[in-house]
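[1] All I have is the shape, not the residue letters:
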């Protein structure tokens, strides 16, 4: 088996012969997917594991040792974690007390879903006490034990259920839970943990189908974030895949009595989100959770501003949100000029802008810009700052301003002027007669 022959995994199995791989790496292996996260479980307490790692000069991080989890440092770009067999005592999310005298069956029983309780040893033998492989084969996402009790143990499992459903399920629609039973617990979840699950859902294969079901969860989190009840317009922005929207090839039934009144709002937001998904494929771009997240709130400035301010986005992500918002909302017609966007903001932001704004364009125009982007990558602005200096002999601090003026003119001319024509414009504009 491919996973069992990599050097780091072989070394871990050599040090800990009784170890077993578990969780996502086993699940992805049987689905033929690649993975970079490998979780090991073994019947030894954490201190024993740490002593053995020290003996073999393996670097580790024991920040989560209270849960029996030890992270290994590796140079191959993968993530490795070793966890002791454990059983949870009074489970309550990250405040759970644990015991390290568990059996394999007890360790499996504490896990959330059957597809996450599949174990694989170094010889390729499977330990699957809850028939998770069969659920994986038929695309069934099933809690281990009573769903209500398991959700109350860790409210993030609501998010995880919908994430796994959107990634692995072959069922017609996911289960809808009564949020009033879990609202208080959900509102207390760390936004960092929510962000991780939300971003994975947004780039999943069935993101459009699962969004109607995560709408109540988003409502709870963003109502808390904005410190105010959210309007029907915002609720409409999260009602994807509604039965009146003909642009989505899926049909849902809604029990929301306000749904007919939200028809136009829902259509608009559904259209934006679905078109971003379609355009990513159309332009052969990798799926981006940030682009898709922005499309959810593109026309709800209050939530969008609060998202940038308070949601746990990285600094580069917040900067991206501000830039794309400036480009899309700027009143200067120049900001709708693809040449300007490409050369002032760069190729990457150009494609983000095109993917998000393409729903507002005709399809033939989108096709044109798809081909244009490929050509433009090899047709840069012909004038360099050094050319500006040779012609105008302006001071160094003025070169950038003059060069940008010529660039704006070149963009307005749709990139047609060649270098000589740019130089002529430069002379006529900045050199007195």
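    Yep, it's here. Owing to the predicted nature of the structure, the values given are computational and were not obtained by experimental measurement.

[2] got the contact list for residue 323?
    Applying Cβ atoms under 8 Å, 6 or more residues apart in numbering to residue 323 gives the contacts 345, 349. Bear in mind the C-beta positions are built from the backbone N, C-alpha and C, glycine included.

[3] So which bits of the strand or helix carrying it are buried?
    Per DSSP states H and E, residue 323 falls inside helix 315-329. Buried residues in helix 315-329, counted by 16 or more other Cβ atoms under 10 Å: 317, 320-321, 324-325, 327-328.

[4] do the same with stretch 134-147
    135-136, 140-144, 147.

[5] Run the chain-centre distance for the helix holding residue 323.
    Put simply, helix 315-329 sits 17 Å off its chain's centre (Cα atoms, centre = their mean, to the nearest Å).

[6] so where's the stretch 251-400 of the chain uncertain?
    251-271, 299-304, 306, 358-370, 372-379 (pLDDT under 70).

[7] try it again with 50
    251-267 (pLDDT under 50).

[8] Residue 196: what's it in contact with?
    Counted by Cβ under 8 Å, 6+ apart, residue 196 has zero contacts.

[9] Same question for residue 352.
    288, 291, 320, 324 are the contacts of residue 352 under Cβ under 8 Å, 6+ apart.

[10] Could you tell me how many residues sit around the first one?
    By that I understand residue 288. Look at residue 288: counted by other Cβ atoms under 10 Å, it has 20 neighbours.

[11] Phi, psi for the residue sitting nearest the centre point of the chain please.
    Nearest to the geometric centre of the chain sits residue 199, at 2.9 Å (Cα atoms, centre = their mean). Torsion angles at residue 199 (phi, psi; degrees, to the nearest 10) stand at phi -60, psi -40.

[12] I'd guessed it sits against residue 289; true?
    Yes - assessed by Cβ atoms under 8 Å, residue 199 is found in contact with residue 289 at 3.8 Å.

[13] Distance check, the residue nearest to the centre of the chain against residue 44.
    34 Å (Cβ to Cβ, to the nearest Å).

[14] so where do the helices sit in the stretch 51-200 of the chain?
    104-109, 132-137, 147-153, 156-168, 183-187, 191-202 (DSSP state H, counting those that start in this stretch).

[15] looking only at pLDDT, what's the mean for the following helix or strand past the last one?
    Moving toward the C-terminus from helix 191-202, the next helix or strand (DSSP H and E) is helix 207-226. Averaging the model's pLDDT scores along helix 207-226 yields 77.

[16] Could you check the angle helix 207-226 makes with helix 191-202?
    160 degrees (axes from the mean of the first three to the mean of the last three Cα atoms, to 10 degrees).

[17] quick one: buried residues of helix 207-226?
    By neighbour count on 16+ other Cβ under 10 Å, the buried set for helix 207-226 is 207-223, 225-226.

[18] what's the answer for stretch 338-346, then?
    Buried, per 16+ other Cβ under 10 Å, within stretch 338-346: 338-345.

[19] got the contact list for that stretch?
    Outside of stretch 338-346, the residues within contact range by Cβ under 8 Å, 6+ apart are 323, 327, 334-335, 349-350, 353-354, 369, 372-373, 376, 380-381, 407-408, 410-411, 414-415.

[20] Go again with 10 Å.
    323-324, 326-327, 332-335, 337, 347, 349-354, 357, 368-369, 372-373, 376-377, 379-381, 404, 407-408, 410-416 (Cβ atoms under 10 Å, 6 or more residues apart in numbering).

[21] Type out the PyMOL command that picks the buried ones from those.
    Here is the PyMOL command that picks out the buried ones among the contacts of stretch 338-346, judged by 16+ other Cβ under 10 Å:
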select buried, resi 324+327+335+337+349+350+351+352+353+354+357+369+372+373+376+381+407+408+410+411+415
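
[22] so how far is residue 64 from residue 103?
    Residue 103 is 22 Å from residue 64, by Cβ to Cβ.

[23] Tell me which of the two has more neighbours.
    Applying other Cβ under 10 Å to residue 103 and residue 64 shows that residue 64 carries more neighbours, namely 14 against 11.

[24] Residue 71 is in contact with that one, correct?
    Yes - using Cβ atoms under 10 Å, residue 64 is in contact with residue 71, at 7.3 Å.

[25] shared neighbours, those two?
    Contacts common to residue 64 and residue 71, judged by Cβ under 10 Å, 6+ apart, are 81, 83.

[26] Quick one: neighbours of the residue nearest to residue 65 when sequence neighbours are not counted, just the number.
    Distances taken as Cβ to Cβ, 6 or more residues apart in numbering place residue 46 nearest to residue 65, at 5.0 Å, with adjacent residues excluded. Using other Cβ under 10 Å, residue 46 is surrounded by 20 other residues.
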